[in-house]
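Asker: compute the structure for the input listed below.
(chains A, B, C and D)
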There are 2 protein chains.
Amino acid sequence: MRADARRNYERLLAEAATAFAEHGADFSLEEIARRAGVANGTLYGHFPTRRALLEALLGDRMRALAANGADLLDHPSPFDGLAVWARTAMSHAATYRGLGTAFMQAVQDETAELHTACQAVLSVAEDLVARGRAAGAVRQDVTAPDLYALINAAAWAGEQGSAPQGERLLAFGLDGFRTPS
Amino acid sequence: MRADARRNYERLLAEAATAFAEHGADFSLEEIARRAGVANGTLYGHFPTRRALLEALLGDRMRALAANGADLLDHPSPFDGLAVWARTAMSHAATYRGLGTAFMQAVQDETAELHTACQAVLSVAEDLVARGRAAGAVRQDVTAPDLYALINAAAWAGEQGSAPQGERLLAFGLDGFRTPS
DNA sequence: AAAACATATCGAGACAGTCTCGACTTTTCA
DNA sequence: TGAAAAGTCGAGACTGTCTCGATATGTTTT
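Answerer: I've put the predicted structure just below:
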């Protein structure tokens, strides 16, 4: 990769990160290019789609999230392990406004840049849920997609209303996953 | 209201209803005007904003939903009354893709055309939740905004994934609202 | 150091959408 | 019938997405 290309690439990522954080994940790409001091064709050269840009920004963190979930399979309480991970995952999904939507779409769209990362997350969710079910702490009818949907829906609610509202929703949902005593 | 104006108004509403149902609530207004055989200025004359159009399409149903909730205050089981209403509310919010978002925003934005209708719905939610709490069927820390957020978040999840996924999320969330036994 | 090559960048332009506004047309009713 | 009121039209200003050929820049070779 040429030196100037690398420079522009980094600059674009940096501007995108702050713009998305402040204004949501559907902020104008044209404006991001402008802020990075680059023509918009250059932006599209590096990131053919908005999702490619998101993958570049979030891919590592998504993979870290999957790893973190794998670690929590050792947690003394299967239920708490799952709950802790779910809260972490939700705060990831709340990094930028609009991310929950992107994650829900990416997991279904094979061609999405984020697809692989989302699959990894879903697979960890499956492991955590399976462990909870096996331990009798989680209802038998709870599935990994349920957990994934809950996490993203709670993040979405947090974006729409207030962050605490999202957290409350997650907490109630997780309690709904519990085996009734 | 002039006869031709009324005709155009109705025609626009009809086209909007089918277009929104098929393509979601952010379908092009320009295209709706075209389908109604009217210039786009005419559409904007009748409905200054997209939300005004949504209010015209959904206002009555929202008010009916509030009335329905009031009736359910008589339900033999406070919890089931709330649950039945929540399911109805969710299927309302799933009428068009993108509606959950509109409802969440409308309840906060005083100037939104849907604001009053959403307030009415929220107020019924409050009554249903209060009754459940009083009967000991619903956790003391559950609030009307929690219920409203759950309904719309579940509708959102249904849009993103599949409708059954949305219903599952609602069911788990409602179970999370239950007083633990 | 300059030529030759590969790589990036630029920015105009095609396209779609939102929204406004002044010129024009239709309805209404006195 | 003919104003006045009411409504409609559609061009045009604006923002955004995305593409592509001309141009410029960095890198490698001689």
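Asker: what about the helix or strand containing A:Val84, distance to the chain center?
Answerer: Assignment of secondary structure by DSSP states H and E places A:Val84 within helix A:78-93. Computed by Cα atoms, centre = their mean, to the nearest Å, the separation of helix A:78-93 from the middle of its chain amounts to 12 Å.
Asker: any residue of it touching chain B?
Answerer: No: Helix A:78-93 lies apart from chain B when judged by Cβ under 8 Å from any Cβ of the partner chain; the minimum separation is 11.9 Å. Placement of C-beta: from N, CA and C, glycine included.
Asker: would you map the helices across chain A?
Answerer: With DSSP state H as the definition, chain A shows helices at residue ranges A:3-23, A:29-35, A:40-46, A:50-71, A:78-93, A:99-106, A:115-134, A:144-160, A:163-177.
Asker: most packed of those?
Answerer: helix A:144-160 (a mean of 26; mean count of other Cβ atoms under 10 Å in any protein chain shown).
Asker: from the contact counts, what lies against that one?
Answerer: The criterion is 3 or more Cβ pairs under 8 Å, 6 or more residues apart in numbering or on different chains; DSSP states H and E, and the helices and strands that helix A:144-160 contacts are helix A:78-93, helix A:99-106, helix A:115-134, helix A:163-177, helix B:99-106, helix B:144-160, helix B:163-177.
Asker: mind putting those helices into TSV with distance to B:Ala117?
Answerer: Supplementary listing: those in TSV, determined by distance: least, Cβ to Cβ, whole Å:
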stretch	distance to B:Ala117
helix A:78-93	29
helix A:99-106	25
helix A:115-134	36
helix A:163-177	20
helix B:99-106	8
helix B:144-160	13
helix B:163-177	21
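Asker: turn those into CSV, including mean pLDDT.
Answerer: Formatted as CSV, the helices and strands packed on helix A:144-160 follow (pLDDT from 0 to 100):
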stretch, mean pLDDT
helix A:78-93, 98
helix A:99-106, 97
helix A:115-134, 98
helix A:163-177, 98
helix B:99-106, 97
helix B:144-160, 98
helix B:163-177, 98
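Asker: in CSV, list these along with distance to DNA strand D.
Answerer: Putting the helices and strands packed on helix A:144-160 into CSV (distance: least, Cβ to the nearest atom of the strand, whole Å) gives the following:
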stretch, distance to DNA strand D
helix A:78-93, 21
helix A:99-106, 13
helix A:115-134, 17
helix A:163-177, 25
helix B:99-106, 18
helix B:144-160, 19
helix B:163-177, 27
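Asker: my guess is A:Gln160 meets B:Asn152, correct?
Answerer: Yes: A contact is recorded between A:Gln160 and B:Asn152 when judged using Cβ atoms under 8 Å, the distance being 7.4 Å.
Asker: any common contacting residues for these two?
Answerer: With contacts taken as Cβ atoms under 8 Å, 6 or more residues apart in numbering or on different chains, the residues that reach both A:Gln160 and B:Asn152 are B:101, B:104.
Asker: report the contact partners of A:Gly176.
Answerer: Residues B:171-177 are the ones in contact with A:Gly176 under the rule Cβ under 8 Å, 6+ apart.
Asker: for A:Ser123, same thing?
Answerer: A:Ser123 makes contact with A:66, A:144 under the criterion Cβ under 8 Å, 6+ apart.
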